[in-house]
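Participant: model this:
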Amino acid sequence: MQPSRDSSRDPGGPKSDVVATAERSKSDVIATVETPKFVPVPGVPPRCGHLFVLGAGVVGAEVLAQATSLPPIERGPALDLKVVGVARRRGGAYDVRGFDRAAVAHIVSERRATAGSDEVAPSTNAIDFPARSTQLEALARLSDPVLVDCTAADGMEAVYEEALLRGIHVVTANKKALVARRDLTDRIFAAAAKTGRSFRYEATVGAGLPVIGTLQGLVRTGDRVKSIECALSGTLGYIANELSKGVPLSVAVATAKSLGYTEPDPREDLAGTDVARKAVILARELGIPLELEHVTLTPFVPQEALDAPDLEAALVGYDATFAARMAELRTRGERLVYLARISVEGTRAAYRCEVKVGPVAVPQDHPAATLDGPTALVAFTTERYGSSPLVVRGAGAGGAVTASAVLSDVFLTLSGAPVSSRGARGVAASS
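Facilitator: So this is what the prediction gives:
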């Protein structure tokens, strides 16, 4: 589960600043054209997507809340959403008539009262989905069925494949299935291609930022991607920013967890594994058969702290060490940033890919040095964007923004927007 954040909890949180600007003189006259409201055709109901949501944690709860409180349809196409199923860590609910906002709030509150913060079974790290085949079969009988995964569960590759083969679209914020062994992920894409169903995963990298879509657009239009440099953890970005303010390491991590920025177990973030997964996803979008073990990974904190049975106590023991390190960086005019760097050289026939993930001290003029709080940044250097990389930057953590990316994928699915096929891609660095 990728952390994201609700703006109501945002400590001066950054809004996405992926913008297009143009200089205009004061004498320019700008005409404003009002877009006419969408007028439904009498007797023709809106097209309705039926959602089965896995997980009611930080992201899942936001998806459920947003999906059941959509604004009135004012322009076409006429698309509506209905939540018909929710699977939580323990149990769930299914009703073909759908759940309204109050019912969803009750389901989420039940989850919070009976479960821990994790949305997966603690012993297996897999979601409790005992009647999977029966529930998927029931979902497949509805019009425009969509399975939405908001968990951090392992082993979801088989669930996605089964859903797609049953004719159910799949939208996920769960990175793990996308970084499983290539033969397993290939089965997911093959199932989508076979049935013509959509498999979308924008929310797996950069929370609500348009990272996957931007990269797919570059590849689809034949650009040659040379490197990707990214601060992909809004969580670690927030922690590093707090450290630069003099906040102790242990306090910064505890605060990030309380704000919902971290994974259920903060070790996932501090180990850098979450960032490494995102780097693998991006590399695979380039057609590179990268596995997670191929990434050169350095954790944000020492491995000894991650291996300690009591993480909080272990982090307190490193407060002084990190305070001294931050003081040294300030003296040198540098900032601590947790970066993933993907570099690709060569052609399709003979290429070399290197992926490194870890904490880096960057000078003040580095694009990532100005990141504030849980802001994320991805810079694509390509043949077309050579001297000035294409930069996507904005809030990279939090339930609300991640949920918005999930629902955007749902709407793209229902609108019939094309999906990029990994099987048809080659190495984007090919000549």
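Participant: Kindly report the domain assignment for the chain.
Facilitator: In terms of domains, the chain is parsed into 45-207+403-424, 211-397 (source: automatic domain parsing).
Participant: Which of those has the lowest mean pLDDT?
Facilitator: Of all the domains of the chain, the minimum mean pLDDT falls on domain 45-207+403-424 (a mean of 85).
Participant: Please identify the helix or strand for A283.
Facilitator: Secondary structure from DSSP states H and E places A283 in helix 273-285.
Participant: quick one: strands adjacent to the helix or strand following that helix?
Facilitator: Counting by DSSP H and E, the element after helix 273-285 in chain order, helix or strand, is strand 296-297. Strand 296-297 has the following sheet partners, assigned by DSSP bridges: strand 351-363 (parallel).
Participant: Identify all contacting residues around the strand it pairs with.
Facilitator: 240, 272, 275-276, 279-280, 283, 286, 288, 290, 294-300, 329, 332-346, 368-369, 427, 429-430 (Cβ atoms under 8 Å, 6 or more residues apart in numbering). Any C-beta I mention is one placed from the backbone N, CA and C, and that applies to glycine too.
Participant: Tell me the buried residues within these.
Facilitator: 240, 272, 275-276, 279-280, 283, 286, 288, 290, 294-295, 297, 299-300, 329, 334-344, 368-369, 427, 429-430 (16 or more other Cβ atoms under 10 Å).
Participant: If we go by neighbour counts, what in the longest helix seen in the chain is buried?
Facilitator: Across the chain, the longest stretch assigned as helix under DSSP state H is helix 399-415. Within helix 399-415, the residues that qualify as buried are 399-410, 412-414, counting by 16+ other Cβ under 10 Å.
Participant: which among those gets closest to L165?
Facilitator: Of all the buried residues of helix 399-415, T413 has the smallest distance to L165: 16.5 Å, by Cβ to Cβ.
Participant: Which residues are in contact with the nearest residue to that closest one once chain neighbours are set aside?
Facilitator: Take T413 and drop its neighbours on the chain: the residue closest to it by Cβ to Cβ, 6 or more residues apart in numbering is S198, 4.2 Å away. For S198, the contact set (Cβ under 8 Å, 6+ apart) comprises H169, V170, V171, A192, L412, T413, V419.
Participant: Swap in 10 Å and give it another go.
Facilitator: By Cβ atoms under 10 Å, 6 or more residues apart in numbering, the contact list for S198 reads 146, 164, 168-171, 192, 409-410, 412-414, 416-419.
Participant: And L243, by the same measure?
Facilitator: Counting by Cβ under 10 Å, 6+ apart, L243 has contacts L249, V251, A252, V253, D319, F322, A323, R325, M326, L329, R335, L336.
Participant: any idea which of these has the most stuff around it?
Facilitator: V253 (27 neighbours; other Cβ atoms under 10 Å).
Participant: Give me the distance between that residue and Y338.
Facilitator: Remark: distance between V253 and Y338 (Cβ to Cβ, to the nearest Å) = 13 Å.
Participant: T204: neighbouring residues, count only.
Facilitator: With other Cβ under 10 Å as criterion, T204 counts 27.
Participant: if I read this right, it contacts A173, doesn't it?
Facilitator: Yes - because the distance of 6.1 Å satisfies Cβ atoms under 10 Å, T204 is recorded as touching A173.
Participant: burial measure for P302, as a count.
Facilitator: 14.
Participant: nearest residue to it other than its sequence neighbours?
Facilitator: Leaving out its chain neighbours, the residue that sits closest to P302 by Cβ to Cβ, 6+ apart is Y318, at 6.9 Å.
Participant: quick one, phi psi at the one you found?
Facilitator: phi -110, psi 0 (degrees, to the nearest 10).
Participant: The chain should start at 35 in everything you say after this.
Facilitator: All right, first residue 35 from here; so that's Y352.
Participant: if I pick it, what's in contact with it?
Facilitator: The contact partners of Y352, by Cβ under 10 Å, 6+ apart, come to P282, L283, S284, V335, P336, E338, A339, R359.
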